[in-house]
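Student: Predicted model follows, preceded by the sequence.
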Amino acid sequence: MLPDEEPQEHVAAGAPPRLGEPAAWVPQADLDRFAAGQHRDIQRLLGAHPRTDGRIHGVRFATWAPHAAAVSVVGDFNDWAPDRHPLSRRGQSGVWETFVPGIGVGAHYRFAVLASGGGNDTSPDAADAGAARYLARPDPYAHQFTEVGSDIAEVTPETPYPWEDSAWLEARRSRNWHQEPVAIYEVDLGSWPRTADGEPLGYRSLAEEVTAHATALAFTHLELLPLGERAGLDPDRYAAGSLFAPTRRFGTGEDFRFFVDHCHRHGIGVLLDWPIACLAQETPGLSRFDGRPLYEQPPFESVAVDRQGPPLFDYARGEVRSLLISSALFWLRELHVDGLRVPVMACMLYLDYARGERDWAPNKYGGNENLEAIAFLRELTDVVRSEVPGALLIAEESSAWPQVTRPPWVGGLGFNLRWSGGWMHDTLEYFSQDPVYRHYHHDMLTFSPLYAFKESYVLPLSREEVAGRPGALLERMPGDTWQRYANLRLLYTYLWTFPGKKLLFMGGELGFPPDGGQPSDGAPGYDGAAAGIEALIRDLNHLYRESPPLHHQELSHRGFEWIDRHDAPQSIIAYLRRDGDAVVVVALNFTPVLRHQYRIGVPFPGVYREVLNSDSAYYGGSNLGNMGNLRAEPVPWMGRPYSLSIVLPPLAGVVVRPAAQEVPAP
C-alpha cells in the first residue's frame, strides 16, 4: 500500500500480526529511568536509529504505546504494510521495538498502531465498529520528516556535525545574561523575503541574510518562531509539533545546525520558541497516540468531547516528563540553541485556565494550581541550569503568577527571564492615545517601575502585536505621517532606555507605512523616515551595549531612579539609569510641543554630552536638540544638587551622560 492511498489508517488483515522476538535493544535501566521521568536523552533510544546487529546493517525502531494491542513499522521498505515488521513489547514498560535489516539512512517510515479493544478508540481516525484498524502515527521522536506537513519520518544519519562554534559555547558557559545586554530580534523565517520565484529561502541562505541583518543592527540574539512542525498543524497555533525535528520547510536538520553555527560564529545567539504547554489535537500525532490519552492529560469527566482548545501534556507521567526534558536538552545541547521561550504558560499553571466551571477539578489542596505542571517547570529549569550553563529559559506568563524568575529553592519557577506583557500592553495603549489626552493616561508610564524589579523582565514588541498587520506599530500611532514616525522613534527610545531586556519583531526596524506597503525613497510622506527608523535601532543597540548603566543593573532597582515622573500636564518623564557612579540621563517628551529650556535635575556637575536624540535629522526627525554639549548648573532641581536646561524636541527622547564618564575610542 502506498502512503498516499490511505494516509490516516490501515485496515488490519485478520487477527493482529504475530510479534517477532528480536533481541532487546533498549536497556532495562533506561526503561526504568524513562518511566520515572529521569531520562534526559530518550530520543537516542526511541525513534529510528541506524545500527549494526552482528554483521547485519539495518535500523532499530522503538516507540512508546502502552495501550496498544500491536505496533508495526511501515515504510517504503515494506510497501507500507503493517503485517511485515511488527514490534515486540518490552514487558510492562509500554515500549515496543524491532530491528529491520537491510535498510538505512533515508528510509521513510511511520508507525501503525492497533488500539487495544479495536473500536473503543474515539479519535477521528478510530476503528470502525466491529473492525480492527491500524492507526497511522508519525514518530514522536523523529529527527526529520520527508517534507512540509508530512507525517512520514526519514531515517537520519547519526554522524556528528562539524561544529565551529566552540569559542561561543565556551564563553556562553560563564555568561551572566542578567548583567549583559540582551537585544532580541524576533524572526519568522517563513516571512523573510523570498527568492525571485516566490520560494522561501533555506536555512543556509537564511543564515547569511538574517545574521548579516541582525549584526548590522547590533542585536545580540535572534528568536525564531516555533520550528517543530507536524502534519496539519497551523503554524500560528502555539501547540507542540515535532519535539526533535526542525521543520523541513527550510531544509534538513543538518542545514539547521549550519544556521545556528553560522550565527554563533558571527556573535549572534539563537533562541527558539518551544511550545510545550499543549499538544496539537487537530492532527494524529502525539494526541491519542495509541488510541487513548497518552502524552496528554485524560479529559475531565464532565468535559464535553467538543471542548475547545488543545489538550495539555500529562506532566504527572514520568514518560512525558522524560520526553519534554529530553526535547529541551536536545535543542540546547545537540543543536546548540542558546535558549528556549515557553509561550502561553498560564494554561499550564492554572487548572481552570480558559475552562468552564464544570471543566476542571481542584488540586488536592482545593486550589486551581496545576501542581504537576509547577513541579515539572521547576525540574526543567533546574536540569537546564545544571546541564547547559549559560542557556536562557524565558517564560511568557501573562497572569500574576509570582516568582517566575526566582529560584525553585525560594518558591520560584527558576526561569531566567519573563516577558513583561503588562509593560507591552500599557505602553502600546498609551502611545495609541492622541497626545492631547495623554496626560490623562500618564500613570501607564509611571506604573511599571513599581513591579519592574520583582521579576527579571524582557520588554517585548513581539509578533503577537504585528502578526498579519504590516505596519501595525505605526498604525497605532496617532497624527499625520510625520507624527507617526516620530511616535515610533520615541517608542523605541523609551524601550531601549527603560530597564529590561529588549525584543523587537522583524520589520519593526523598517517602519512600514500605515497602508502596509514597503517604504521606498521618494514615496509620498516617506522622505527617509523609514531608513531613519532603522538607523535609530542600530544606534540604540550600540548605545545599549556600550553603556553599562543601560544594561549592567537593568534588572535591579539599583539601576533605575526617577528624576521626574509627575509632569503629567506636559506628558514628560525623566529618569536616571545607573551603574554605580556611572549614569545615563533620559528625558522623553510625549507631545508634539517643542520645550525650550526644560530643566531636569542631575547628580553631578560638569559637561554632559547629548549621545542620542530621536529627533535628529539622521533618523528622519526635525533636527531640534542641544547641539552636543550641556553644562550642569549648581541649581538644585527635582531633588538633585545640579540641573540641566535642555531643548526637548517634540515627540522625542533625549539621552545625555557626563562627558567625563565617556570611554575614549581605541
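Tutor: Sure, I can see it.
Student: Poorly predicted segments of the stretch 101-250 of the chain, please.
Tutor: Scanning the stretch 101-250 of the chain with the threshold set as pLDDT under 70 gives 117-132, 228-241.
Student: Would you map the strands across it?
Tutor: Using DSSP state E, counting those that start in this stretch, the strands found in the stretch 101-250 of the chain span residues 108-115, 133-137, 153-154, 183-187, 221-224.
Student: what comes into contact with the third one?
Tutor: If I follow you right, that is strand 153-154. Strand 153-154 is contacted by residues 47-48, 106-110, 138-139, 142-146, 245 when judged by Cβ atoms under 8 Å, 6 or more residues apart in numbering. For the C-beta atoms, the positions are set from N, CA and C on the backbone; glycine is no exception.
Student: do that again at 6 Å, thanks
Tutor: Here strand 153-154 makes contact (Cβ atoms under 6 Å, 6 or more residues apart in numbering) with His108, Tyr109, Asp139, Ala142, Gln144, Phe145, Thr146.
Student: Closest one of those residues to Asp359?
Tutor: For the contacts of strand 153-154, the closest approach to Asp359 (Cβ to Cβ) belongs to Asp139, at 31.9 Å.
Student: returning to that earlier point: same list, the strands of the stretch 101-250 of the chain, but as a markdown table with mean neighbour count and distance to Ser326 please.
Tutor: A markdown table is the format used below for those (neighbours: other Cβ atoms under 10 Å; distance: least, Cβ to Cβ, whole Å):
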| stretch | mean neighbour count | distance to Ser326 |
| --- | --- | --- |
| strand 108-115 | 26 | 19 |
| strand 133-137 | 25 | 19 |
| strand 153-154 | 24 | 17 |
| strand 183-187 | 24 | 26 |
| strand 221-224 | 24 | 20 |
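Student: what's the closest of those strands to Glu633?
Tutor: Nearest to Glu633 among the strands of the stretch 101-250 of the chain is strand 183-187 (34.9 Å), distances taken as Cβ to Cβ.
Student: Out of the strands of the stretch 101-250 of the chain, which gets nearest to Leu206?
Tutor: Leu206 lies closest, by Cβ to Cβ, to one member of these: strand 183-187, at 8.6 Å.
Student: Tell me which strands the closest one pairs with, and in which orientation.
Tutor: strand 221-224 (parallel), strand 501-505 (parallel) (DSSP bridges).
Student: got CSV for these, with distance to Pro181 too?
Tutor: Compiled in CSV, those are given as follows (distance: least, Cβ to Cβ, whole Å):
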stretch, distance to Pro181
strand 221-224, 10
strand 501-505, 8
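Student: so which of the ones you listed comes closest to Val585?
Tutor: Among these, strand 501-505 comes nearest to Val585, with 19.4 Å by Cβ to Cβ.
Student: re earlier: among the strands of the stretch 101-250 of the chain, which is nearest Arg385?
Tutor: So among the strands of the stretch 101-250 of the chain, strand 221-224 is nearest, using Cβ to Cβ, at 18.6 Å.
Student: The stretch 551-666 of the chain: strands as residue ranges?
Tutor: Ranges of strands in the stretch 551-666 of the chain, per DSSP E, counting those that start in this stretch, are 560-564, 572-579, 582-589, 595-602, 606-613, 629-632, 642-648, 652-658.
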